[in-house]
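Chemist: sequence? don't have it. structure:
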Ligand SMILES: O=C(O)C(=O)Cc1ccccc1
């Protein structure tokens with residue numbers, strides 16, 4: 001049976017995302033984002049489900065770095081989950097002195113913790129569910145978890161629906177080895193990672209290639225290139241699908257201009273928001289303009 005490795009253990013937000021993206025695949029929890037990517041690269045799993053960004057803390061750096069290096073993987077689908085947390089504690093705990101969770105979860109409940117558990121020191125865990133496991137084992141007093149965690153880890157529920165930012169969301173990717181791309185839908189996202197040349201204006205030139213083709217960006221993150229102090233690679237998401245002429249043209253231009261470009265996928269957006277098409281930037285505009293140039297080259301038009 002095909003298998004999806006997800007960032008676990010059981011009861012993470014990523015498991016929820018993987019369930020929403022899975023068909024008949026079996027879901028297998030793994031301990032880290034990097035282990036999920038590795039299991040696909042080794043052929044132990046057919047796909048990996050990992051978080052990529054959230055609206056409070058921004059990028060999930062383990063995912064970005066993991067996609068820029070080693071064998072290429074491409075995103076074929078995404079899920080967008082509203083994120084609010086439960087706080088779970090062991091039955092025997094009277095005063096919560098330690099509260100564990102994934103760093104992105106701790107960042108999203110900082111104010112709530114200050115107000116409601118002022119004596120608690122925060123401790124970073126590999127995931128929200130790993131924090132619940134550690135609480136069960138007696139390592140910490142409480143965990144900030146996904147709402148489903150309590151079904152796997154029977155702890156005392158101190159609070160539910162906890163979120164400093166009410167509309168917080170996290171986006172998750174389903175990643176596979178390169179293969180057939182999802183069909184374009186008109187509401188797609190394309191992702192790349194590129195290392196701009198180290199000279200004045202290089203990033204501006206790269207972005208101009210997108211802007212002049214009427215391509216709307218949805219995310220831009222810089223990450224250091226390890227072992228190369230001061231050098232960065234840029235993760236760029238934008239509206240559209242590589243099958244569309246304006247996106248294909250932009251990727252070709254980036255390939256010419258950048259030291260390194262890696263295609264990270266074109267797939268339907270989870271929110272279904274259709275691409276903004278600027279005047280002159282629709283598929284037909286590109287196709288017709290190319291047909292005109294071809295005719296000029298054949299000597300048929302002036
Ligand atoms: O630890 C988890 O449950 C995850 O899936 C990562 C995460 C952490 C915080 C918010 C959303 C996703």
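Modeler: Great, that's in hand. As the structure is a prediction and not an experimental result, all values here were calculated from the model.

Chemist: what kind of secondary structure is the closest residue to residue 301 other than its chain neighbours in?
Modeler: In this structure, residue 301 finds its nearest non-sequential neighbour in residue 295, 4.4 Å apart by Cβ to Cβ, 6 or more residues apart in numbering. Just so you know, the C-beta spots here come from the backbone N, C-alpha and C atoms, and that holds for glycine as well. Three-state assignment for residue 295 (DSSP: H, G, I helix; E, B strand; the rest coil): helix.

Chemist: So residue 295 versus residue 283, what's the distance?
Modeler: The spacing between residue 295 and residue 283, counted by Cβ to Cβ, to the nearest Å, is 19 Å.

Chemist: What about residue 139, how many residues nearby?
Modeler: By other Cβ atoms under 10 Å, the residues close to residue 139 number 14.

Chemist: Same check on residue 42?
Modeler: 9.

Chemist: how close does it get to residue 3?
Modeler: On the measure of Cβ to Cβ, residue 42 and residue 3 end up 12 Å apart.

Chemist: Phi first, then psi, for residue 279.
Modeler: Dihedral angles of residue 279 (phi, psi; degrees, to the nearest 10) stand at phi -50, psi 130.

Chemist: who are the neighbours in contact with whichever residue of the stretch 151-300 of the chain sits closest to the ligand?
Modeler: Nearest residue of the stretch 151-300 of the chain to the ligand (Cβ to the nearest ligand atom) works out as residue 170 at 4.0 Å. Contacts of residue 170 were listed using Cβ atoms under 8 Å, 6 or more residues apart in numbering, and they are 13, 17, 51, 53-55, 80-81, 83, 104.

Chemist: Swap in 6 Å and give it another go.
Modeler: Going by Cβ atoms under 6 Å, 6 or more residues apart in numbering, residue 170 touches 51, 54, 81, 83.

Chemist: cool, and residue 37?
Modeler: Contacts of residue 37 (Cβ under 6 Å, 6+ apart): 48, 66.

Chemist: Figure out the helix or strand that it lives in.
Modeler: helix 33-41 (DSSP states H and E).

Chemist: Repeat that for residue 234.
Modeler: strand 232-239.

Chemist: so how far is stretch 52-69 off the chain centroid?
Modeler: Relative to the chain's own centre, stretch 52-69 is displaced by 6 Å; criterion: Cα atoms, centre = their mean, to the nearest Å.
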